[in-house]
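1. test case, fold it:
(chains A and B)
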Amino acid sequence: MGTDLIELDGVEKVFDVRRKTGFLRRERHEVRAVDGISFTVPRGEMVGYIGPNGAGKSTTIKMLTGILTPSGGRLRVAGIDPSRERTRLARRIGVVFGQRTTLWWDLPLIDSYRLMHRMYRIPDARYRENLDRCVELLELGALLDVPVRQLSLGQRMRGDIAAALLHDPEVLYLDEPTIGLDVISKAKVREFLRDLNTQSGTTVLLTTHDLTDIEQLCKRVMVIDHGRLMYDGPLAGLHEVGESERTLIVDLERELPPIEVESRGW
Amino acid sequence: MRAYRLICAMWVRSLMAYRLSFALTAFGNFAVSAFDFAAILLMFSQVDRLGGYSLAEIAFLYGASCTAFGLADLSLGSMGRLGKRVRDGTLDTLLVRPAPVIAQVAADRFGLHRIGRLTQGALVLTYALVILDIDWTVVKVLTLPVMLLSGAGIFGALFVAGAAFQFVARDAAEVQNAFTYGGTTLLQYPPTVFAKELVRGVTFVLPLAFVNWLPALYILGRPYPLDLPVWTAFTPPLVAAGCLALAGLAWRTGLRSYRSTGS
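-> Residues are numbered from 1 along each chain as shown, chains lettered A, B, ... in the order given. The predicted structure is shown next:
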């Protein structure tokens, strides 16, 4: 198991949710956001982690980064227990949250990178090299002196990805990195991630709602729903699993003449 | 500490991109604080003594309270923004960095303009020291800086504890302000103008009296409130250390509860 960078064994996360049922009266109930998940990711693999909203994807990522403490099970990233040694782990992982930036909003992009340089104690030569590579591949050259708040979503995302990679992380978590991006930006991000994975051998765990991300990037995909792992294997196999019969009910606003439906698969 | 310095330096740099704006907010901070003192001056245009204290003596109390508070506010005042970060989930981005969260939160949007309040406090304190006729002894001279630093420590503990509370009650910044800003205003007046119960409260429950009352009254050679023994003038460092330890504990508990409940 020495080559497994990420190991999860029966990991659980239970939230206590309190709901107001009346004046000052609250009802407590448990939500099992992650309900006994086990998987391993070997070094250098690029894995897609998909599932509907609220399935437990982000919760899993938060446990893998040490932001959340699991309620049960065993979890190791690069041999480290994330919730116990969060700051030690932070030097070895990179995280990109699609929905929120880790960059300094009011400051030019380059300032965020300079701060990363010092905060992560990245050796100067390493920092230069990594920054130059990211600037070139992610086309950030013209953006370095622009305050982050003035960047477009696609530009900001590229900036965030660069920020997560300056310290040579062994594993990169991407939580919906292509959310809200246009087709061209998505293509750029994907191309960069593919190169990163093949050339630097960085392990990547990617959550997304965009199956094209998975198709183009990941050989292996994991599907999570209601906090449970429903599928773990190659993408091709997922199509077979999904081949079961489905009923689609369409409620129309008003009476319309019958239409022909043509099945083309997907 | 290193992360705190780095992030603060970063905010100062960004602040200096807009020098005029910085100058205005710093002046505003100075002015708001100065109004408090103007109110005291106004009172003394009608009376000669307040609670048995002269203007110079009250200026001394005021300056000591304001300087101690200004130090704490400058270095830790940003922690009041924690609730916002907890609410919108951006605290997560601090948790994935290799630096203590408390340092990152304290340095978040480090507001150098708060130096305005500190300057105002220091000016009033200097003014008081110049016009006051004090029999200086070595002990009294030493008590002065110790008082200011311990006071800053006690207020700092309040800021940290208040921030820790925001992990649970996300809009609790106002509660904390009542104790910090309210506390510093309270301490600008001598204990003799307040009811005994209140003085007792800020001595034994929330130890604000150790910020300036006890050490300052020792320097002024004034009787203590509540017939406390003279040696209590030298306890502020211990009180500050105790408060900071408790606040640190509260912070850890708050952070742990966040990490186990999430947002």
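
2. for the residue in the stretch 1-150 of chain A that chain B sits nearest to, give me its contacts.
-> Proximity of the stretch 1-150 of chain A to chain B (Cβ to the nearest Cβ) peaks at A:Ala90, 3.9 Å away. Placement of C-beta: from N, CA and C, glycine included. Listed by Cβ atoms under 8 Å, 6 or more residues apart in numbering or on different chains, the contact partners of A:Ala90 are A:65-66, B:96-98.

3. redo the residues you listed as JSON lines? Include distance to A:Met116.
-> Below are these laid out as JSON lines (distance: Cβ to Cβ, whole Å):
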{"residue": "A:Thr65", "distance to A:Met116": "16"}
{"residue": "A:Gly66", "distance to A:Met116": "18"}
{"residue": "B:Val96", "distance to A:Met116": "12"}
{"residue": "B:Arg97", "distance to A:Met116": "9"}
{"residue": "B:Pro98", "distance to A:Met116": "10"}
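
4. how about the helices of chain A, start to end?
-> Ranges of helices within chain A are A:57-65, A:86-90, A:109-119, A:124-137, A:153-165, A:183-195, A:211-217, A:235-241, based on DSSP state H.

5. out of those helices, which is closest to B:Thr253?
-> Between B:Thr253 and these, the tightest spacing by Cβ to Cβ is seen for helix A:86-90, at 16.3 Å.

6. chain center to that closest one: distance?
-> 18 Å (Cα atoms, centre = their mean, to the nearest Å).

7. output that helix as PDB, restricted to C-alpha atoms.
-> The C-alpha trace of helix A:86-90 is given here as PDB (Å, rounded to 0.1, in the frame of the first residue of the first chain):
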ATOM      1  CA  ARG A  86      -3.600  20.100   9.200                       C
ATOM      2  CA  THR A  87      -0.800  22.600   8.900                       C
ATOM      3  CA  ARG A  88       1.800  20.000   8.200                       C
ATOM      4  CA  LEU A  89      -0.300  18.500   5.500                       C
ATOM      5  CA  ALA A  90      -1.000  22.000   4.100                       C
END
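
8. quick check: buried residues in that helix?
-> A:86, A:89-90 (16 or more other Cβ atoms under 10 Å in any protein chain shown).

9. and the residue of the stretch 1-150 of chain B nearest chain A?
-> For the stretch 1-150 of chain B, Cβ to the nearest Cβ, closest residue to chain A: B:Pro98, 3.9 Å.

10. distance of that residue from A:Leu181?
-> 28 Å (Cβ to Cβ, to the nearest Å).

11. quick check: residues of chain A near chain B?
-> Applying Cβ under 8 Å from any Cβ of the partner chain, one finds that chain A approaches chain B through A:15-16, A:59, A:62, A:65-69, A:71, A:83, A:86-88, A:90-91, A:93, A:95, A:97, A:100-102, A:104, A:106-107, A:111, A:115, A:118-120.

12. and those, which are buried?
-> A:15, A:59, A:62, A:65-69, A:71, A:83, A:86, A:90-91, A:93, A:95, A:97, A:101-102, A:104, A:107, A:111, A:115, A:118-120.

13. doesn't B:Thr67 belong to a helix?
-> Yes - secondary structure of B:Thr67 (DSSP: H, G, I helix; E, B strand; the rest coil): part of a helix.

14. pLDDT below threshold where in the stretch 1-150 of chain A?
-> Applying pLDDT under 70 to the stretch 1-150 of chain A flags the ranges A:1-2, A:20-24.

15. gap between the residue nearest the centre of chain A and B:Ser260?
-> What sits nearest the mean C-alpha location of chain A, by Cα atoms, centre = their mean, is A:Asp175, with 2.4 Å. From A:Asp175 across to B:Ser260, the span is 20 Å (Cβ to Cβ).

16. go on, A:Val41?
-> 25 Å.

17. ok, the two, which is more surrounded?
-> Under the neighbour definition other Cβ atoms under 10 Å in any protein chain shown, A:Val41 and B:Ser260 were set side by side, and A:Val41 has more, 23 against 16.

18. so what pLDDT did the residue of the stretch 1-150 of chain B closest to chain A get?
-> Note on B:Pro98: pLDDT of 91.

19. contacts only, for it.
-> B:Pro98 neighbours (Cβ under 8 Å, 6+ apart): A:87-88, A:90-91, A:119-120.

20. how about 6 Å then?
-> A:87, A:90-91 (Cβ atoms under 6 Å, 6 or more residues apart in numbering or on different chains).

21. same question, B:Glu57
-> Neighbour list for B:Glu57: B:Leu220 [criterion: Cβ under 6 Å, 6+ apart].
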